[in-house]
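# Kindly generate the corresponding structure for this input.
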Amino acid sequence: MPIQVPLKVFRYRPGSTPHYQSFVVTVPEDANVIDAIEAVWAQHDRSFAFRHACHHASCGTCAVRLNGYEKLPCIVPVREALAERSELLIEPLRNFPLVMDLVVDMAGFFQKQEASGLKITRPAEPTLNGQPYQRIGLLDASNRLEDRPYNRFENCIECGICISACPTMAATDKFLGPAPLAGIHRAIQGSDPARKSALLALADDEQGVWRCHSAWECTESCPQSVNPAEAIMALRRELIKRKVRRLFGLNGR
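Take a look at the predicted model:
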């Protein structure tokens, strides 16, 4: 059965004053918040700007602030978000340049992600939810079964939620940021010594791990359990150990 959903959404056009606009949309009772956002465009205003793609938390494209908290609206049920509220509050992510309405400029974030060396895939763990992976036959050019190592996608979907939630990012956009630092932590695992040293040098900067205020908001808000705060702490420990070794001439021990 369709339900009526009141929303207050952030509106912005370059050169204009940001403001909020209220709508009431009709969506299925099992709709997620992204469906309500889409309904604003479909039922009221075709100029309303927002991003969406996969609809199942794989791409991170639709990330917004929902009722004051960073969320992926594609996986939040409308009924859950509206519980004990008179309307949904939809705002763009913080700490990014505004483009239009709910759309923010992610270019600087993606540049930092690229510098972090994070790849899209990684070797898979030997088990999935405690169970061994089930081998499937892969044929090579001679129709022989190959025994290939499994890969899987990284947890980070580059949604930018951790950047929006981070109080340090609110103070300076020069901070490398939680996701890029978590990317460095992943990238140095298994890297050759030269590459590892270069990435650690990027983290060992006044705008790197030492700028983090240890608020842990990034880990709290992350929708994919990347735990960037713990990655930052691990990088700090690694860098401190390296500094101590150099100080006491213990390199190689």
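
# Tell me which helix or strand in the chain has the weakest average pLDDT.
Within the chain, confidence by mean pLDDT, DSSP states H and E is lowest for strand 145-146 among all helices and strands, at a mean of 54.

# Which pLDDT value belongs to the most centrally placed residue in the chain?
The residue lying closest to the centre of the chain (C-alpha atoms, centre = their mean) is Cys159, at 3.4 Å. Cys159 carries a pLDDT value of 96.

# Which neighbouring residues are in contact with it, exactly?
Cys159 makes contacts with 59-61, 63, 72, 223-224, as judged by C-beta atoms under 8 Å, 6 or more residues apart in numbering. The way it works is simple: take the backbone N, C-alpha and C, and place the C-beta from them, glycine included.

# Include distance to Arg237 and neighbour count when you put those into a markdown table, please.
Formatted as a markdown table, these follow (distance: C-beta to C-beta, whole Å; neighbours: other C-beta atoms under 10 Å):
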| residue | distance to Arg237 | neighbour count |
| --- | --- | --- |
| Cys59 | 32 | 17 |
| Gly60 | 28 | 20 |
| Thr61 | 34 | 19 |
| Ala63 | 30 | 29 |
| Leu72 | 31 | 26 |
| Pro223 | 26 | 19 |
| Gln224 | 23 | 18 |
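
# Which two of those residues have the greatest separation?
Pairwise distances across the contacts of Cys159 (C-beta to C-beta) peak at 13.6 Å, for the pair Thr61 and Gln224.

# can you give me the strands for the stretch 101-250 of the chain?
Under the criterion DSSP state E, counting those that start in this stretch, the stretch 101-250 of the chain contains strands at 103-104, 121-123, 127-128, 131-132, 138-139, 145-146, 151-153.

# For the chain, give me the ranges with low pLDDT.
Within the chain, the stretches with pLDDT under 70 are 128-129, 132-151, 250-253.

# how about Asn32, what does it touch?
Asn32 neighbours (C-beta under 8 Å, 6+ apart): 55, 73-78.
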